[in-house]
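In: sequence plus predicted model, see below.
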Amino acid sequence: MTVTATPNILLLHCHDLGRFLGAYAVPTVVTPCLDRLAAESALFEAAFATAPHCSPARASLFTGTYPQTNGVLGLTHEPFGWDLRDPGTHLAHRLKAAGYRTELVGVHHESRVLPDATVAGRLGFDRVRTGGDRDVVVRRATDALDRAAAAGSPFYLQVGFHEPHRTPSKQDPPGVMGFLGDAVEPDSSLGHTVPAYLRDDSGARREIAELQGAVRHMDEGVGDILDRLEELGLRDDTIVVFTTDHGLALPRAKCTLYDPGLEVALIMRVPRRAGWARRRVAPMVSHVDVLPTLLELAGVPLPEGLAGTSLVPLVEEHSVPREHTFGQLTHHTYYDPKRSVRSATRKLIVNFANAPRAMDPTQSWVHRSLPADLNGPTVASSPPVELYDLVRDPHETRNLADDPRYAVERAELGTALLGWMRYCGDDLLTGGPLAARHRDALTALGSAAPDAEAAPDRDRPGHPRIPGARAAATAAHPQERESA
């Protein structure tokens with residue numbers, strides 16, 4: 001291939017991984033390919049998604065904006081059908097306009113699920129081939145690399161693995177969906193790493209063995225793609241990014257705003273740039289920072305309206321890191337609005353509904369593993385406000401929201417959270433039909449719910465409305481139907 005001044009970009013991502021890799025100090029998972037990539041790259045030790053579930057997290061990753069702004073507040077497949085307000089903000093569109101060949105293989109979950117040709121036209125890809133298990137994705141990705149090498153022009157290849165998402169298996173007992181599917185074998189060859197937020201019992205160990213097998217299975221696929229990249233002589237001309245959408249699909253992780261729901265692996269191998277090789281980057285970063293980073297590395301001017309900040313100065317110049325990362329959950333399989341802000345040492349979560357405190361609404365997980373902090377046979381409702389000291393309590397088990405010793409930290413984080421929600425044009429602040437429902441939570445943050453006259457204009461760009469908000473609110477809280 002003719003060497004060009006413009007780098008190729010290979011972005012590999014997977015479902016539901018969190019940071020469950022050897023490179024992130026998980027001793028019992030076998031991930032030699034990703035560990036090797038991490039050893040050659042900049043590994044971000046404290047990277048966080050903007051949402052603890054699939055579509056909103058990916059929409060932020062590929063647009064550099066928060067879900068409240070880009071419009072993807074829930075899952076993009078039917079019957080939910082959430083979608084990007086402007087598909088032209090996708091990274092593929094940005095790079096195609098700059099002269100890149102663009103292709104998508106495997107998982108597409110960041111905009112409405114439509115036929116491949118339609119997805120390609122909407123998001124800016126020259127070619128899209130969605131779906132497939134690991135082996136199908138590897139075969140299509142290596143084919144795409146072969147064609148890109150022959151073309152001789154810069155390419156952007158986006159490759160998504162389904163694994164280690166939970167997948168139905170004949171080995172599952174009734175009511176359970178584990179991690180095996182038809183192609184994965186459990187792996188406990190190095191033992192089990194049961195996260196501290198789970199009870200360490202036989203059910204959890206069986207589930208972790210399945211998870212470790214699925215992660216190992218995915219790692220082998222990543223290795224095959226990276227090997228082909230090297231065989232084609234493209235390694236020194238290609239930026240490689242590996243990440244995942246959000247945290248592990250385990251209780252008190254996925255679909256929660258605790259760190260295990262938002263933490264993500266983020267590894268970037270950037271050839272021919274000082275500071276990116278064999279580097280562990282400790283400060284917090286967000287998925288919204290990935291798109292502006294790639295655009296800067298590719299020499300593409302940054303567009304207006306991005307929420308993220310390029311990580312190039314942080315890596316190459318040791319610039320001042322971001323002060324906060326933010327998270328949100330609005331609608332997974334039902335309406336359950338939550339917002340969070342995290343500093344390096346504290347986490348504030350505000351729950352705008354009274355859903356069960358410890359749950360994973362996507363899995364029948366109660367048959368295999370349970371949160372470590374469950375007491376008794378019932379699950380309590382979420383408190384309006386949660387505050388955690390991440391230094392003394394890294395697993396977020398002691399809620400300090402009402403502790404007067406933390407009043408200053410709570411107020412400071414509350415101010416930051418409200419400022420972010422206003423910046424995003426968050427529908428929870430607009431004074432619409434949901435405002436009365438959320439008045440108590442807003443008051444707990446130190447601000448009464450705004451009235452309609454003070455609300456931002458929800459029809460202008462950057463201030464999306466929640467589709468079906470009134471219906472969602474009344475369905476979730478039928479006793480309020482008359483007042484809504």
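Out: Yep, that arrived.

In: so who does G247 touch?
Out: Each residue near G247 by CB atoms under 8 Å, 6 or more residues apart in numbering is listed here: D16, G18, A49, P52, A253, K254, D259, P260, G261, L262, E263, V264. Where you see a C-beta, it was placed from the backbone N, CA and C, and this is true even at glycine.

In: where does the chain have its least confident helix or strand?
Out: Across the helices and strands of the chain, mean confidence by mean pLDDT, DSSP states H and E is lowest for helix 469-476: a mean of 30.

In: circling back: nearest to V288, of the contacts of G247?
Out: When the contacts of G247 are compared for distance to V288 (CB to CB), A49 wins out at 9.5 Å.

In: residue contacts, the closest one?
Out: Taking CB under 8 Å, 6+ apart, we find A49 in contact with A57, S60, L61, D245, H246, G247, L262, E263, V264, S286, H287, G327.

In: how near is the closest residue to R205 other than its chain neighbours to L387?
Out: Excluding its sequence neighbours, the residue lying closest to R205 (CB to CB, 6 or more residues apart in numbering) is H192, at 4.8 Å. Here H192 is placed at a distance of 32 Å from L387 (CB to CB, to the nearest Å).

In: the two: which is more packed in?
Out: Set H192 next to L387 and count neighbours by other CB atoms under 10 Å: L387 wins out with 23 against 17.

In: please, which helix or strand holds the more buried one?
Out: When elements are assigned from DSSP states H and E, L387 belongs to strand 385-389.

In: after that strand comes which helix or strand?
Out: Downstream of strand 385-389, the next assigned helix or strand under DSSP H and E is helix 407-424.

In: packing partners of that next one?
Out: helix 67-70, strand 335-342, strand 346-351, strand 385-389 (3 or more CB pairs under 8 Å, 6 or more residues apart in numbering; DSSP states H and E).

In: run the last query once more with 6 Å
Out: Using 3 or more CB pairs under 6 Å, 6 or more residues apart in numbering; DSSP states H and E as the contact criterion, the elements in contact with helix 407-424 are strand 335-342.

In: which residues sit against the strand it packs on?
Out: The contact list for strand 335-342 (CB atoms under 6 Å, 6 or more residues apart in numbering) reads 257, 324-330, 348-353, 355, 413, 416-417, 472, 476.

In: quick one, it and strand 385-389 angle?
Out: Angle of strand 335-342 versus strand 385-389, following axes from the mean of the first three to the mean of the last three CA atoms, to 10 degrees, is 30 degrees.

In: please report phi then psi for the residue nearest to R205.
Out: Main-chain torsions, H192, degrees, to the nearest 10: phi -130, psi 140.

In: wait, isn't it in contact with R206?
Out: No: H192 sits out of contact with R206 when judged by CB atoms under 6 Å, with a separation of 9.0 Å.

In: re earlier: the residue nearest to R205: what's it in contact with?
Out: Counting by CB under 6 Å, 6+ apart, H192 touches T28, R205, I208.

In: among the contacts of G247, which lie within strands?
Out: E263, V264 (DSSP state E).

In: grab the two from the contacts of G247 that are most spread out in space.
Out: D16 and D259 (15.1 Å).

In: and the average pLDDT for the helix ranked longest in the chain is what?
Out: Longest helix in the chain, counting residues (DSSP state H): helix 202-231. Per-residue pLDDT over helix 202-231 has a mean of 97.

In: now do it: distance to the chain's middle.
Out: Mean-position distance between helix 202-231 and its chain equals 19 Å (CA atoms, centre = their mean, to the nearest Å).

In: please name every helix or strand in contact with it.
Out: Where contact means 3+ CB pairs under 6 Å, 6+ apart, helix 202-231 is packed against helix 32-39, helix 134-151.

In: beta partners for the nearest residue to A148 once chain neighbours are set aside?
Out: Counting by CB to CB, 6+ apart, F155 is the residue found nearest to A148 once chain neighbours are left out, at 4.1 Å. With DSSP bridges as the criterion, F155 is bridged to R101.

In: mind listing what F155 touches?
Out: F155 neighbours (CB under 6 Å, 6+ apart): N8, R101, A148.

In: isn't F44 up against R280?
Out: No: F44 is not in contact with R280 according to CB under 6 Å; the separation is 8.2 Å.

In: neighbour count: these two, which is higher?
Out: Taking neighbours as other CB under 10 Å, F44 and R280 compare with F44 leading, 27 against 11.

In: how about the more buried one, secondary structure?
Out: When classified by DSSP: H, G, I helix; E, B strand; the rest coil, F44 comes out as strand.

In: how near is it to R273?
Out: Taking CB to CB as the measure, F44 falls 15 Å from R273.

In: likewise for L387?
Out: According to CB to CB, L387 and R273 sit 39 Å apart.

In: kindly report the same for L198.
Out: Taking CB to CB, one finds L198 at 39 Å from R273.

In: more neighbours: which of the two?
Out: Neighbours were counted for L198 and for R273 using other CB under 10 Å; L198 has more, 25 against 16.

In: list the contacts of the more buried one.
Out: If you count contacts by CB under 6 Å, 6+ apart, L198 has them with A204, S369, A372.

In: which residue sits closest to S343 in space, ignoring its chain neighbours?
Out: H324 (5.8 Å).
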